[in-house]
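*Asks:* everything below, folded, please.
(chains A and B)
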Amino acid sequence: MTRLDDAALLRLRDGLGEPDLTGTRYRILGVAGRGGMGTVYEVHDAELERDVALKVLDLEDGAVAARLRQEARILACLEHPGIVPVHEVGTLADGRTFCTMKLVRGERLDRHVARVESLAERLRIFLRIADAVAFAHSRGVLHRDLKPENVMVGSFGEVLVLDWGLAKVRGSPTRPALGIDVGGRPPGATGEGAVLGTPGFMSPEQEQGRSGEMDERADVFSLGAILRALLPDRPPRAALAMAAKATAPRREDRYPDVLSLAADVVRFLDGAAVSAFHEGLLHRALRLARRHRAALGILAAYLIGRGLILLFTRR
Amino acid sequence: MLRSGDERPLGGFPATRHSALAAIRSGDEEQRRRALDVVAEAYWRPVYSYLRLQWRKPHDEAADLTQEFFTHLLGKDLLSRFDPRRSRLRTFLRSCIDGLVANEHRAQGRLKRGGERHATFDFEEVRAAVERLHSPALSPEERFEQEWARGLFTAALDRLRRDCEREGRAPHFELFEQHELSEGPGRPSYAGLAKRFRISTSDVTNRLAGIRRRLRATVLELLRESTASEAEFRAEARALFGKDPP
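*Replies:* Residues are numbered from 1 along each chain as shown, chains lettered A, B, ... in the order given. Below you'll find the predicted structure:
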């Protein structure tokens, strides 16, 4: 009988869990992250002499492997600075499916914003996320799992939307989006009743498995939930209204698309009125005062100066 | 009757790939017995080791209790109480062992009266292995998990060794054994192994990779046979390979 001491057992448990990279040009450097079905490793590409991320399934599974391949194909078609580029997809010697992509060095959005005090700075990050999602929508792709954990802020301030594993291509069988041959069923298509996503960031239609009703507004909902997570404890009412509109339970009550939401956020940053918030006279006056603070300051200084001159010349 | 050193492969249980637990609940006595062999192969070592290490039972008593445990598993139809929706099989079995130890005197009484033994295990070899261990203090759950993993890998390695011998590839397994399973500090280098086995370094790399692949497949095969559902299989596999806490 084979004898296994604790050290050998630990070695086997760790070693057999690692992907078998025999015959590939990659060498494992460490673990970058773990998900529900797979692990992301930081690996060195000996051919191109660079470090990349290698995402691999923990166990081979036909359905999950198909989803990973589909994710890779979708990413390959979404060339955008806010979307992580994919390099390769394939099967390892141990039968597990893998894909390699750009290694993003940085931190998750939820951890990053804990150190960002300025609401304006947080909203500028949000706009970059929205920009990437809007681009994907323009190519017919829904992300369907947007949440702070799936957004990475790089060390140079770049913002990347990750984990497109639940993405869905909204193409018809006869006119597939992205040019991907979907074989009669769009990739990522989930049957009615199947629930995929993250509670708290999922739209009601997604949570209830009404996949037939899912469109861009499902991602608008998730972006609204992210926006809400970025707001401070006592947020401006207009900002809160934008998050509330984006996360309205009925999709008809939400922003019709990501660009409309982003446009409202830009207006908010500019001190202009936002479509989500019907302001009263006082609120409007205060907002205008804040927006034209500099001009009002100059005007006030001018008036005080004139007043003083008048006061002294009358004497 | 099953002995751990038997040549008869336990794999290839008929019907579905994770039929062992389902078969234990079947009405066919022969199917039930064979299914229990599969579960016993995966679990007898952890049961014995757990009794030795966690309950501090001496060898003879631990061996008797292990026999008794598997006899009860079939005779008392304990597995019919297992609900895979509520717990993992591993957790269920550990609670059964704890219950058995709590009723130890009664259990021993029945054994002495001549209860039917399901299987005969090769305790002496496990005894030697257990007595060489210097495991740190662990909680009962951690202990059983550790011994379960050790038992599963041991069974898989034994199965793989037999397969390699049958295929005339015994040196491949020996190479793997010397590199991966050697005790003490430091492992032999690839160059050292190449010299010892009179093969090239790239052959060492390829052979080690090949055996690792087969071992992984064998471990997963054993695990699938001894888990109750696909979800449990996946959860246990992730725990086994260090992807999730046990």
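
*Asks:* point me to the residue of chain A nearest chain B.
*Replies:* Per Cβ to the nearest Cβ, residue A:17 is where chain A lies closest to chain B, at 3.0 Å. C-betas here are computed from N, CA, C, even on glycine.

*Asks:* and that residue, how many neighbours?
*Replies:* As a burial measure, the neighbour count of residue A:17 was computed by other Cβ atoms under 10 Å in any protein chain shown and equals 17.

*Asks:* swap in residue A:53?
*Replies:* Using other Cβ under 10 Å, residue A:53 has 21 other residues around it.

*Asks:* circling back: can you pull the phi/psi pair for the nearest residue to the residue of chain A closest to chain B once chain neighbours are set aside?
*Replies:* Distances taken as Cβ to Cβ, 6 or more residues apart in numbering or on different chains place residue B:241 nearest to residue A:17, at 3.0 Å, with adjacent residues excluded. With angles defined as degrees, to the nearest 10, residue B:241 shows backbone torsions of phi -100, psi 20.

*Asks:* helices and strands of the chain: which one bottoms out on pLDDT?
*Replies:* Just so you know, I chose chain A. helix A:281-291 (a mean of 78; mean pLDDT, DSSP states H and E).

*Asks:* oops, chain B please
*Replies:* Scoring the helices and strands of chain B by mean pLDDT, DSSP H and E places helix B:104-112 at the bottom, with a mean of 56.

*Asks:* show me what the longest helix seen in chain A packs onto, helices and strands only.
*Replies:* In chain A, with assignment by DSSP state H, the single longest helix is helix A:293-314. Packing partners of helix A:293-314 (3 or more Cβ pairs under 8 Å, 6 or more residues apart in numbering or on different chains; DSSP states H and E): none among the helices and strands.

*Asks:* what's in contact with it?
*Replies:* Helix A:293-314 is contacted from outside by residue A:289, using Cβ atoms under 8 Å, 6 or more residues apart in numbering or on different chains.

*Asks:* now name the helix or strand holding residue B:232.
*Replies:* In the assignment (DSSP states H and E), residue B:232 maps to helix B:230-240.

*Asks:* so for that helix, mean pLDDT?
*Replies:* When pLDDT is averaged over helix B:230-240, the result is 86.

*Asks:* any regions of the stretch 101-250 of chain A where pLDDT drops low?
*Replies:* Counting by pLDDT under 70, the ranges of the stretch 101-250 of chain A that qualify are A:171-197.

*Asks:* in it, which spans are helices?
*Replies:* Secondary structure of the stretch 101-250 of chain A (DSSP state H, counting those that start in this stretch): helices at A:109-113, A:119-138, A:204-207, A:216-230, A:237-246.

*Asks:* what is the third one packed up against?
*Replies:* To tie it back to what came earlier, the one meant is helix A:204-207. With contacts taken as 3+ Cβ pairs under 8 Å, 6+ apart, helix A:204-207 sits against helix A:216-230.

*Asks:* name the helices or strands packed onto the helix it packs on?
*Replies:* Other helices and strands packing on helix A:216-230, by 3+ Cβ pairs under 8 Å, 6+ apart, are helix A:109-113, helix A:119-138, strand A:141-142, helix A:204-207, helix A:237-246, helix A:258-270.

*Asks:* ok so, going back, CA atoms only: put the longest helix of chain A into PDB for me.
*Replies:* Presented in PDB, the C-alpha positions along helix A:293-314 are these (Å, rounded to 0.1, in the frame of the first residue of the first chain):
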ATOM      1  CA  ARG A 293     -20.100  79.300  -8.100                       C
ATOM      2  CA  ALA A 294     -17.200  81.100  -9.700                       C
ATOM      3  CA  ALA A 295     -19.300  83.600 -11.600                       C
ATOM      4  CA  LEU A 296     -21.400  84.200  -8.500                       C
ATOM      5  CA  GLY A 297     -18.200  84.700  -6.500                       C
ATOM      6  CA  ILE A 298     -16.900  87.300  -9.000                       C
ATOM      7  CA  LEU A 299     -20.300  89.000  -9.100                       C
ATOM      8  CA  ALA A 300     -20.500  89.100  -5.300                       C
ATOM      9  CA  ALA A 301     -17.000  90.500  -5.000                       C
ATOM     10  CA  TYR A 302     -17.900  93.100  -7.600                       C
ATOM     11  CA  LEU A 303     -21.100  94.100  -5.800                       C
ATOM     12  CA  ILE A 304     -19.300  94.300  -2.400                       C
ATOM     13  CA  GLY A 305     -16.600  96.400  -4.000                       C
ATOM     14  CA  ARG A 306     -19.200  98.800  -5.600                       C
ATOM     15  CA  GLY A 307     -21.000  99.000  -2.300                       C
ATOM     16  CA  LEU A 308     -17.800 100.000  -0.400                       C
ATOM     17  CA  ILE A 309     -16.900 102.500  -3.100                       C
ATOM     18  CA  LEU A 310     -20.400 104.100  -2.800                       C
ATOM     19  CA  LEU A 311     -20.200 104.100   0.900                       C
ATOM     20  CA  PHE A 312     -16.900 105.900   1.000                       C
ATOM     21  CA  THR A 313     -17.600 108.400  -1.800                       C
ATOM     22  CA  ARG A 314     -20.800 109.500  -0.200                       C
END
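
*Asks:* can you tell me what sits against the least confident helix or strand of chain A?
*Replies:* The contact list for helix A:281-291 (Cβ under 8 Å, 6+ apart) reads A:237, A:238, A:270, A:271, A:272, A:273, A:279, A:296.

*Asks:* got those as a markdown table, with distance to residue B:82 and neighbour count columns?
*Replies:* What follows is these, written out as a markdown table (distance: Cβ to Cβ, whole Å; neighbours: other Cβ atoms under 10 Å in any protein chain shown):
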| residue | distance to residue B:82 | neighbour count |
| --- | --- | --- |
| A:237 | 56 | 12 |
| A:238 | 57 | 21 |
| A:270 | 63 | 10 |
| A:271 | 65 | 14 |
| A:272 | 64 | 13 |
| A:273 | 63 | 18 |
| A:279 | 62 | 15 |
| A:296 | 75 | 13 |
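
*Asks:* and which of the residues you listed is nearest to residue A:132?
*Replies:* Relative to residue A:132, the closest of the contacts of helix A:281-291 is residue A:270; by Cβ to Cβ it sits at 21.6 Å.

*Asks:* quick one, what contacts the residue of chain B found nearest chain A?
*Replies:* The shortest separation between chain B and chain A is 3.0 Å, found at residue B:241 (distances taken as Cβ to the nearest Cβ). Shown here is residue B:241, whose contacts under the criterion Cβ under 8 Å, 6+ apart are A:13, A:14, A:16, A:17, A:58.

*Asks:* the third one touches residue B:212, doesn't it?
*Replies:* Yes: in this structure residue A:16 lies within contact range of residue B:212 using Cβ atoms under 8 Å: 6.5 Å.

*Asks:* poorly predicted segments of chain B, please.
*Replies:* B:1-27, B:76, B:105-120, B:125, B:129, B:131-137, B:184-185, B:243-246.

*Asks:* can you do 90?
*Replies:* Filtered on pLDDT under 90, chain B yields the residue ranges B:1-148, B:150-152, B:154-155, B:180-189, B:221-236, B:238-246.

*Asks:* show me where it has strands.
*Replies:* Listed in chain order, chain B contains no strands at all (DSSP state E).

*Asks:* and if you look at the stretch 51-200 of chain A?
*Replies:* Taking DSSP state E, counting those that start in this stretch, the strands of the stretch 51-200 of chain A run over residues A:86-91, A:97-102, A:106-108, A:141-142, A:151-154, A:159-161, A:168-169.

*Asks:* report the longest helix in chain B, please.
*Replies:* Longest helix in chain B by number of residues, with DSSP H as the criterion: helix B:140-166.
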